[in-house]
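In: Sequence first, then the predicted structure:
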Amino acid sequence: MKGLTSGNWLQPDPLSLAFSNVHDLATGETREMSVEEFLSYVLEPELSMTVPDTVRTLFEGARGALTYGYYFYPLFMVGAEQLFRVAEAAGRDRAEQLNAPKSQTFNDNIRFLIARRMIAESDQERWDAFRMLRNQASHPRYQQIMPPGPTISLLPEIAAAINQLFASA
């Protein structure tokens, strides 16, 4: 892990650069990904305007942490962990819009939303995974590290799940 100093805090983390290669499977070409290419992956997923502003703001915070993971590698995991909390907030907000009892757990809200057909039964495993990963992130025993690819791929997955949740709002 890069030790932050006043001289390197705006330099890409060497670990990030190791994972930010573009591979052309047809030619075998490998080259360093530009920061612009990296940003295009992070900035592409968007939440719908039907999603409450509070959830949209939380999503932007998670996206920001993932973006700055390029400069400080552990922020990739911090951003991923925050995305699971964003999913929880979205589930809670949608359940409250539908008059669910207050102070329900994330699990209770998932079950409530499935019963109201706001979450398809086929998406139950996805939402349960968000819940389990949120629990792990909220009770850490050590600094977890994940490569940029899997953490950044959470952005469009969680954005799609949240957008679906508020599609009929």
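Out: In hand now; what should we look at? Everything quoted here is computed from the prediction, not taken from an experiment.

In: Next up, identify which helix or strand Pro156 is on.
Out: Assigned by DSSP states H and E, Pro156 belongs to helix 148-165.

In: Which positions within that helix qualify as buried?
Out: For helix 148-165, the neighbour count (16 or more other Cβ atoms under 10 Å) marks Pro148, Thr151, Ile152, Leu154, Leu155, Ile158, Ala159, Ala161, Ile162, Asn163, Leu165 as buried. The C-beta positions use only the backbone N, C-alpha and C, and glycine is treated the same way.

In: Pick out whichever of those residues sits closest to Tyr142.
Out: Distance to Tyr142, by Cβ to Cβ, is smallest for Thr151 among the buried residues of helix 148-165, at 17.0 Å.

In: okay, and for the protein, where does confidence drop off?
Out: Within the chain, the stretches with pLDDT under 70 are 19-25.

In: Check which helices and strands the helix holding Pro156 is in contact with.
Out: Secondary-structure packing of helix 148-165 (3 or more Cβ pairs under 8 Å, 6 or more residues apart in numbering; DSSP states H and E): helix 14-19, helix 35-43, helix 53-68, helix 75-97, helix 124-138.

In: go again using 6 Å as the cut-off
Out: Helix 148-165 sits against helix 75-97, with contacts defined as 3 or more Cβ pairs under 6 Å, 6 or more residues apart in numbering; DSSP states H and E.

In: Show me which residues of the helix it packs on are buried.
Out: Within helix 75-97, the residues that count as buried by 16+ other Cβ under 10 Å are 75-95.

In: Can you tell me which residue sits nearest the middle of the protein?
Out: Note on the chain: the residue nearest the mean C-alpha position is Leu83, at 3.3 Å, using Cα atoms, centre = their mean.

In: Now do that residue against Leu47, distance only.
Out: Taking Cβ to Cβ, to the nearest Å as the measure, Leu83 falls 12 Å from Leu47.

In: what's the answer for Leu4, then?
Out: Leu4 is 31 Å from Leu47, by Cβ to Cβ.

In: Have a look at these two and say which one is more surrounded.
Out: Leu47 (23 against 11; other Cβ atoms under 10 Å).
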